[in-house]
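have a look; sequence and predicted model below, questions after that.
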Amino acid sequence: MLTPPSAPDHIDLAHLGQPVYRGSVQYLYEAPGHPGFLVCQTTEAGSVFDVGSIFEIPGSDRGRAIFRHAMYHRLGQTETWADVRSRIQADSTLPDAWKAELLQGPLETFLERGASTHHIGMIDAETGRVIQQGLPEHPSAFNLVRRFPVMTPPQRPLMGGFVFDYAQFHQSDTYVIPLEYIVRFGVTSGSSILKKYDALSEAARRSYEQELGLCGPMVPWSMLQPPIFDLTSKYEPEDRNVSRQEALLMSGLSGQAFADTVKMALLGAWAVRAALAPIGLDLWDLKWEFALDRDTLLFVDTIDSDSFRATRTLDTPSGRLIIHFNKQAMRDYYRILHPEWYAGVNIAKAEAKRSGGPFKQILTAGQRDGIYPPTPQVEPEFLAIQGRKTDLIRQHISGTAQGENASDIARALEACGRDEIGFYQHHDRLDALVKVNGI
């Protein structure tokens with residue numbers, strides 16, 4: 001990938017000013033003197049269930065920033081895509097026609113010059129230099145990226161209800177596509193699609209299987225051949241599952257360009273899967289976002305443990321147990337240790353969907369008035385385990401593990417998993433963990 005000629009090679013972190021965007025887990029700043037670029041700062045904050053920042057994992061700010069920097073660099077390398085092509089070609093479980101279609105189009109371009117991304121480089125914490133290849137001498141939580149217009153579809157009234165108007169996306173040629181692309185190599189017990197599937201009638205299940213491209217009933221903790229994808233809205237008040245046809249109309253893209261983004265999501269998933277496999281982690285699903293720059297499609301936004309679901313299977317006296325190495329571990333923590341709070345969150349979401357009001361405002365007001373339980377504090381011991389996971393994955397993806405190879409890191413990650421099991425056992429909640437993550 002060629003760096004835009006106007007990209008700065010130095011950023012003074014002391015003079016960033018106020019963030020132009022404060023997210024639940026990251027801040028965005030204008031790059032001083034370079035309006036076409038943004039500085040992304042990852043934080044130690046974590047968010048689950050769309051409620052905003054409610055916990056902090058020690059060291060996760062720098063760990064996630066390094067993962068993004070290293071992974072986006074890999075996406076720009078032709079050798080990454082040669083490896084992806086080899087893996088797809090060698091997979092005898094993939095249908096031949098499906099495989100042939102995926103190998104055409106974007107992958108052919110990636111093999112010639114790498115994938116285009118919004119990522120420029122990581123900023124050295126002390127010198128402010130923007131490092132494009134390898135890590136800075138002083139790694140930071142700050143990355144430099146290209147800036148693309150983000151357009152929010154306005155909400156229009158309609159006979160007592162409302163719709164979202166996506167007309168502006170069909171009138172622009174440079175913008176962030178208003179969709180999240182979720183690629184699923186398998187179905188976990190916590191998958192949103194499994195929850196939807198379980199709530200359907202038998203006839204509706206058959207239709208949903210066909211829509212997703214499944215060859216049979218959906219079963220938790222089963223790998224899919226081939227992987228599937230689904231799509232959600234991105235810039236509406238709450239994320240919403242959309243059909244492929246609706247997604248095409250929302251995107252503002254041509255049919256061919258939309259198909260290319262789907263292939264890019266699948267190919268990018270294989271690249272992340274290949275990066276995690278050497279340390280014993282299985283990738284189940286991840287999400288991507290893309291931007292359009294006239295006739296070029298780019299990978300944008302985040303790629304770290306907030307956007308993928310990777311696990312390790314451990315043998316225990318209670319049977320085989322899945323351990324999460326991503327924020328699903330935090331979701332399970334709240335569901336198991338604080339079920340009353342989790343139930344209140346879901347009630348608030350249902351009210352937001354009914355009324356069209358902002359979910360977080362409804363939840364906060366309800367907590368203030370005593371309708372919903374207050375947000376609980378996470379025990380430091382559990383957060384420390386999650387911090388160790390993040391740091392080990394960082395060491396692997398960045399190649400900075402001192403004297404450790406992938407198998408050593410894999411063993412250390414297994415130890416994290418066993419400590420997590422011990423945590424639930426100490427709190428007399430192991431049975432609940434086995435119920436959701438046991439095989």
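Cool, got the structure. Numbering: from 1, shown residues only.

give me the low-pLDDT residue ranges for the chain?
Across the chain, the ranges flagged by pLDDT under 70 are 1-5, 400-404.

domain ranges for it?
The record, using automatic domain parsing to delimit domains, assigns the chain the ranges 1-76+115-147, 152-303.

burial count for the residue nearest to S60 when sequence neighbours are not counted?
Leaving out its chain neighbours, the residue that sits closest to S60 by C-beta to C-beta, 6 or more residues apart in numbering is T390, at 4.7 Å. Any C-beta I mention is one placed from the backbone N, CA and C, and that applies to glycine too. Counted with other C-beta atoms under 10 Å, residues neighbouring T390 total 25.

equivalent analysis for D431, please.
The number of residues packed near D431 is 12, by other C-beta under 10 Å.

once you drop chain neighbours, what's closest to the residue nearest the centre of the chain?
Central residue of the chain (C-alpha atoms, centre = their mean): S307, 1.3 Å from the mean position. Distances taken as C-beta to C-beta, 6+ apart place K287 nearest to S307, at 5.1 Å, with adjacent residues excluded.

quick check, the one you found in a helix?
No: according to DSSP: H, G, I helix; E, B strand; the rest coil, the state of K287 is strand, so it is not within a helix.

give the bridge partners for it, please.
I182 (DSSP bridges).

check contacts around it.
By C-beta atoms under 8 Å, 6 or more residues apart in numbering, the contact set of K287 is 180-183, 307-308.

can you give me the strands for the stretch 51-200 of the chain?
53-56, 119-123, 130-131, 142-146, 155-158, 161-164, 174-176, 179-187 (DSSP state E, counting those that start in this stretch).

so how far is the longest one off the chain centroid?
When C-alpha coordinates are averaged (C-alpha atoms, centre = their mean, to the nearest Å), strand 179-187 and its chain have centres 9 Å apart.

and if you look at the fifth one?
Averaging C-alpha positions (C-alpha atoms, centre = their mean) puts strand 155-158 30 Å from its chain's average.

so which elements touch that strand?
strand 161-164 (3 or more C-beta pairs under 8 Å, 6 or more residues apart in numbering; DSSP states H and E).

the strand it packs on pairs with which strands?
Strand 161-164 is paired, per DSSP bridges, with strand 155-158 (antiparallel).

which residues does the strand it pairs with contact?
So strand 155-158 is contacted by 162-165, 356 (C-beta under 8 Å, 6+ apart).

any of those buried? List them.
The neighbour count (16 or more other C-beta atoms under 10 Å) marks F164 as buried among the contacts of strand 155-158.

just the closest of the contacts of strand 155-158 to L248, please.
Distance to L248, by C-beta to C-beta, is smallest for F164 among the contacts of strand 155-158, at 15.1 Å.

quick one, what contacts the closest one?
F164 is in contact with 153-156, 233, 236, counting by C-beta under 8 Å, 6+ apart.

which one (most neighbours) among those residues?
Going by other C-beta under 10 Å, S233 tops these with 20 neighbours.

ramachandran coordinates for the spatially closest residue to it that is not a sequence neighbour?
Setting aside the residues directly before and after it, S233 is nearest to R240 in space (C-beta to C-beta, 6+ apart), at 4.4 Å. The phi/psi pair for R240 (degrees, to the nearest 10) reads phi -140, psi 130.

if I read this right, R240 contacts T232, doesn't it?
Yes: between R240 and T232 there is a contact at 6.1 Å, judged by C-beta atoms under 8 Å.

of those two, give the one with the bigger neighbour count.
Counted by other C-beta under 10 Å, R240 and T232 do not tie: T232 has more neighbours, with 17 against 13.

which strand or helix spans the more buried one?
Using DSSP states H and E, T232 sits within strand 222-233.

same question for L297.
Assigned by DSSP H and E, L297 falls within strand 296-300.

contacting residues around that strand?
72, 75, 106, 115-118, 145-146, 148, 176, 257, 260-261, 264, 268, 288-292.

give me the next element, helix or strand, following that strand.
strand 308-316.

tilt between that following strand and strand 179-187?
Put simply, strand 308-316 runs at 20 degrees to strand 179-187, going by axes from the mean of the first three to the mean of the last three C-alpha atoms, to 10 degrees.
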